[in-house]
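Chemist: Sequence and predicted structure below; questions after.
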Amino acid sequence: MEENKLRLPKFIYLPIIFFIAITPLVIRGVFVEYTAIDIFWLSSEKMRYDFANFYKMRFILYTGVFAVVNYIYLLFTEKVKLKKEPINFVLLGLSFSVIVSAILSEYREVATLGYFTRYENTYVYLSYFFMAFYTKEVLRTKKEFNLVIYSFLASTFIFSTIGILQYFSKDPLRQGFLGNLLIPKEMADTATVADLNFRFPEGRSFATLFNPNYVGTYVSVAVMFLISFLFESKNYIKRILIIIASGLLVFTLIGASSRAGLIAFGVAGIFFILIKLPIIRKDVKKISVLVLVIVLAFVALQTERGELYKDRLMAGLDFEQRELPALEGYETKEDAIDMTLGEEVYTFRLQHEEINSVGLYQGEEEIDMYFDGDIYYFKDPRLEEIKLKYGRVGKQNTNESYVQISYGNVNYNFALLNSGVHFLYQNKVLGTMSTADHIESWDGYGREGSGRIFIWSRSIPVILNNYLFVGAGADVYPMVYPQDDYVAKRFDFNNETIIVDKPHNLYILYATNFGLIFLLLFIGMNFYLLFKLLMGKKENDWYKLLANSIILGMIAYLSVGMINDSTVGTAPVYWIILGMGMALIKKEKENKKPKFMKK
């Protein structure tokens, strides 16, 4: 096999290049309408603006179709042969779990189209798996691998340039041609670039992704994947390009203030030292230059921004357990509200005809109350912080009355409607209220990790109770998360109406959407590939570098997955790197001589 030639027509490689190099850069403003999602906290939000993910999703699907057509061509022209390989069955198993979860999903439209602002739907995941398979089938020679690597390297320059300009408040997405791309066609005649309003302020880098945290995922994977090629002999141009690209990417990461990326760097960096220790000792200069570039970029930005990154990092590491309030939560029922206060459960019983006649009971025993002004108090000293008040929703001539239950300075309004007792917020009916099943030993740490501990403590029981074999469906996580645990949200987020739309954890996301079996299969696949890449005997030093690059890229992604999610902007990079690992393992297997040929 000639290593410096492309074996196949050039268009065969385009889907791989598009997927890893172009997908993260795709942006376009659009209004997306959801017509069939009718959940209380979405009922008034049928139209949502998006600039970062909707068209990335479409691009992923188009590229996937392109790859399917190409693969059919390769089969018919006998340029490739479909073989029974264990990794193919693993990818089929992952695909089967995604499809079954979508078919059985209670929220099939979301699983099919994707949740707004994310759009990582069933077809996107199937595209991920097929693109990994396609990469495995197509790449064999050094020139083919390099074609993908150089394309990705060029993409990182564009990505980091945008991120750095954003850091210095020269965001190209807020001006000129790129800014005009973000204006939806419905507003092309009335809106201007000046009307664009992003979630994050000027001076914070998010490049072409939806969230600065995702910059951490992209940068950590990109740098760790490229860094091994610094040790490629006689290729000085690639070394220089990688050093510059790494510096720009780290610059962008610091501008994004992403703690997730820094953690991934730390974990993958340890593996880098372990894998490369013999080479590092021999070639200290190369690695020293890269480290110096990274350190100088970090110091320069920290000085310019007053140690913003350091402050965020230290805040994330400063875990402190807070004392929980005695009020654990409320649970609304057909005509009653259960209140858990410490170890005791009390019940407010409401009558539809007389909303201003509410009794409080502990079991069957009614607790005495007294009236002072327009507020009711309870004589039981255990309930001294509990108060009742009555009112009406909206105008006084409406029939929707409510009772306000106060604990200290925190008020909650409830109305008894035909469908039962509902929680009201700013005169809006939000629905039922309950106390979510959660990991109690994590209580008090809910605010840590930007609220991740709170989210995880309530997500894990959801998985264990409901999604061992089949998941809720792609992108359905926010629909099955216990959104109605308003009291706990108030305590840990200081906002009872915040919508938890992602777990900030790749593994919890996969287990919820596709089932625990899918997660175990995914983890097993990664460990298998990492083992094969580590233990395999490569035909020359360049392929050893490639194997190490793939290993480090995978480890960076799997590490950052502990505190970040899969997204349409970052996952394509990982799945192509994974496919390159599969291709390298397959190449090694094909190059082995049969036993009868060995001397």
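Modeler: Now that the structure is in, tell me what you want to look at.
Chemist: Compute the number of surrounding residues for Leu324.
Modeler: 15 (other CB atoms under 10 Å). Yep, even glycine has a C-beta here, placed from its N, CA and C like the rest.
Chemist: OK, contacts around it?
Modeler: 443-444, 491 (CB atoms under 8 Å, 6 or more residues apart in numbering).
Chemist: Filter these down to the buried ones.
Modeler: Burial by neighbour count, 16 or more other CB atoms under 10 Å: within those this picks out 443-444, 491.
Chemist: okay if I get those residues as JSON lines plus distance to Ile523?
Modeler: JSON lines is the format used below for the buried ones among the contacts of Leu324 (distance: CB to CB, whole Å):
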{"residue": "Asp443", "distance to Ile523": "28"}
{"residue": "Gly444", "distance to Ile523": "30"}
{"residue": "Phe491", "distance to Ile523": "33"}
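Chemist: Among those residues, which ones are in helices?
Modeler: Among the buried ones among the contacts of Leu324, the members found in helices (DSSP state H) are Phe491.
Chemist: wait, which of the buried ones among the contacts of Leu324 is closest to Gly163?
Modeler: Checking those against Gly163 with CB to CB, the nearest one is Phe491 at 35.4 Å.
Chemist: Run a quick check on the closest one versus Pro325, I expect a contact.
Modeler: Yes: Phe491 is in contact with Pro325 according to CB atoms under 8 Å; the separation is 6.3 Å.
Chemist: Kindly reformat the buried ones among the contacts of Leu324 as JSON lines containing pLDDT.
Modeler: Formatted as JSON lines, these follow (pLDDT from 0 to 100):
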{"residue": "Asp443", "pLDDT": "86"}
{"residue": "Gly444", "pLDDT": "84"}
{"residue": "Phe491", "pLDDT": "85"}
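Chemist: Tell me where the stretch 101-250 of the chain is predicted with low confidence.
Modeler: Low-confidence segments of the stretch 101-250 of the chain (pLDDT under 70): 189, 199, 233.
Chemist: Try it again at 50.
Modeler: For the stretch 101-250 of the chain, no stretch is flagged by pLDDT under 50.
Chemist: now the helices for it?
Modeler: 108-113, 122-138, 142-167, 176-181, 212-226, 236-256 (DSSP state H, counting those that start in this stretch).
Chemist: which helices and strands sit right next to the third one?
Modeler: In terms of contact count using 3 or more CB pairs under 8 Å, 6 or more residues apart in numbering; DSSP states H and E, helix 142-167 is assigned the packing partners helix 14-17, helix 212-226, helix 236-256, helix 541-560, helix 571-591.
Chemist: Now it: buried residues?
Modeler: 142, 144-149, 151-153, 155-156, 159-160, 162-167.
Chemist: My guess is Ile563 contacts Asn505. True?
Modeler: Yes: Ile563 lies in contact with Asn505 (CB under 8 Å); the separation is 6.6 Å.
Chemist: can you pull out the helices in the stretch 301-450 of the chain?
Modeler: Counting by DSSP H, counting those that start in this stretch, the helices of the stretch 301-450 of the chain are 308-317, 448-466.
Chemist: Can you show me the CA trace of the longest one as PDB?
Modeler: Extracted C-alpha coordinates of helix 448-466, given in PDB (Å, rounded to 0.1, in the frame of the first residue of the first chain):
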ATOM      1  CA  GLU A 448     -21.500  23.500  43.600                       C
ATOM      2  CA  GLY A 449     -20.200  23.100  40.100                       C
ATOM      3  CA  SER A 450     -22.600  25.800  38.800                       C
ATOM      4  CA  GLY A 451     -25.500  23.700  40.000                       C
ATOM      5  CA  ARG A 452     -24.200  20.400  38.600                       C
ATOM      6  CA  ILE A 453     -24.400  18.500  41.900                       C
ATOM      7  CA  PHE A 454     -28.100  19.500  42.300                       C
ATOM      8  CA  ILE A 455     -28.900  18.400  38.700                       C
ATOM      9  CA  TRP A 456     -27.000  15.100  39.000                       C
ATOM     10  CA  SER A 457     -28.500  14.200  42.400                       C
ATOM     11  CA  ARG A 458     -31.900  14.300  40.800                       C
ATOM     12  CA  SER A 459     -31.000  12.800  37.400                       C
ATOM     13  CA  ILE A 460     -29.400   9.600  38.600                       C
ATOM     14  CA  PRO A 461     -32.600   8.300  40.400                       C
ATOM     15  CA  VAL A 462     -34.500   9.100  37.200                       C
ATOM     16  CA  ILE A 463     -32.200   6.800  35.300                       C
ATOM     17  CA  LEU A 464     -32.200   4.000  37.900                       C
ATOM     18  CA  ASN A 465     -36.000   4.100  38.200                       C
ATOM     19  CA  ASN A 466     -37.000   4.400  34.600                       C
END
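Chemist: Quick one: residues in contact with it.
Modeler: In contact with helix 448-466 (CB under 8 Å, 6+ apart) are residues 316, 319-320, 436-439, 442-443, 445-447, 472, 480-482, 485, 488, 492-493, 500, 503-505, 508, 511-512, 516, 563.
Chemist: Let me know the average pLDDT across that helix.
Modeler: Helix 448-466 shows a mean pLDDT of 91.
Chemist: can you give me the offset of whatever helix or strand comes next after that helix from its chain's centre?
Modeler: Downstream of helix 448-466, the first helix or strand assigned by DSSP states H and E is helix 477-480. Relative to its parent chain, helix 477-480 has a centroid offset of 13 Å by CA atoms, centre = their mean, to the nearest Å.
Chemist: same for helix 477-480, what does it pack against?
Modeler: helix 506-514.
Chemist: For the helix or strand that the helix it packs on is followed by, output the C-alpha coordinates as CSV.
Modeler: Next in sequence after helix 506-514, counting helices and strands by DSSP H and E, comes helix 516-535. The C-alpha trace of helix 516-535 is given here as CSV (Å, rounded to 0.1, in the frame of the first residue of the first chain):
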residue,chain,number,x,y,z
LEU,A,516,-28.1,2.5,30.9
ILE,A,517,-27.3,-0.4,28.6
PHE,A,518,-26.4,2.1,25.8
LEU,A,519,-24.1,3.9,28.3
LEU,A,520,-22.3,0.7,29.2
LEU,A,521,-21.9,-0.2,25.6
PHE,A,522,-20.6,3.3,24.8
ILE,A,523,-18.1,3.1,27.7
GLY,A,524,-17.1,-0.4,26.7
MET,A,525,-16.4,0.6,23.1
ASN,A,526,-14.2,3.4,24.2
PHE,A,527,-12.2,1.3,26.6
TYR,A,528,-11.8,-1.4,23.9
LEU,A,529,-10.5,1.1,21.3
LEU,A,530,-8.2,2.8,23.8
PHE,A,531,-6.7,-0.6,24.8
LYS,A,532,-6.2,-1.7,21.2
LEU,A,533,-4.6,1.6,20.3
LEU,A,534,-2.3,1.5,23.3
MET,A,535,-1.3,-2.2,22.8
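Chemist: just the strands in the stretch 251-400 of the chain please.
Modeler: 327-332, 336-341, 344-349, 359-362, 365-366, 369-372, 375-378, 386-392 (DSSP state E, counting those that start in this stretch).
Chemist: tell me the most buried of these?
Modeler: Comparing the strands of the stretch 251-400 of the chain by mean neighbour count (mean count of other CB atoms under 10 Å), strand 327-332 ranks first with a mean of 21.
Chemist: Using CSV, write out every CA atom in stretch 112-128.
Modeler: C-alpha atoms of stretch 112-128 as CSV (Å, rounded to 0.1, in the frame of the first residue of the first chain):
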residue,chain,number,x,y,z
THR,A,112,-37.2,13.2,16.1
LEU,A,113,-36.6,17.0,15.8
GLY,A,114,-34.5,17.6,18.8
TYR,A,115,-35.1,20.0,21.8
PHE,A,116,-34.9,23.6,20.9
THR,A,117,-31.4,25.3,21.3
ARG,A,118,-29.8,21.7,21.2
TYR,A,119,-31.3,19.9,18.1
GLU,A,120,-29.3,16.7,18.8
ASN,A,121,-32.0,14.4,17.6
THR,A,122,-32.2,10.7,16.7
TYR,A,123,-31.0,11.3,13.1
VAL,A,124,-28.0,13.3,14.4
TYR,A,125,-26.9,10.4,16.6
LEU,A,126,-27.3,7.9,13.8
SER,A,127,-25.2,10.2,11.7
TYR,A,128,-22.5,10.2,14.4
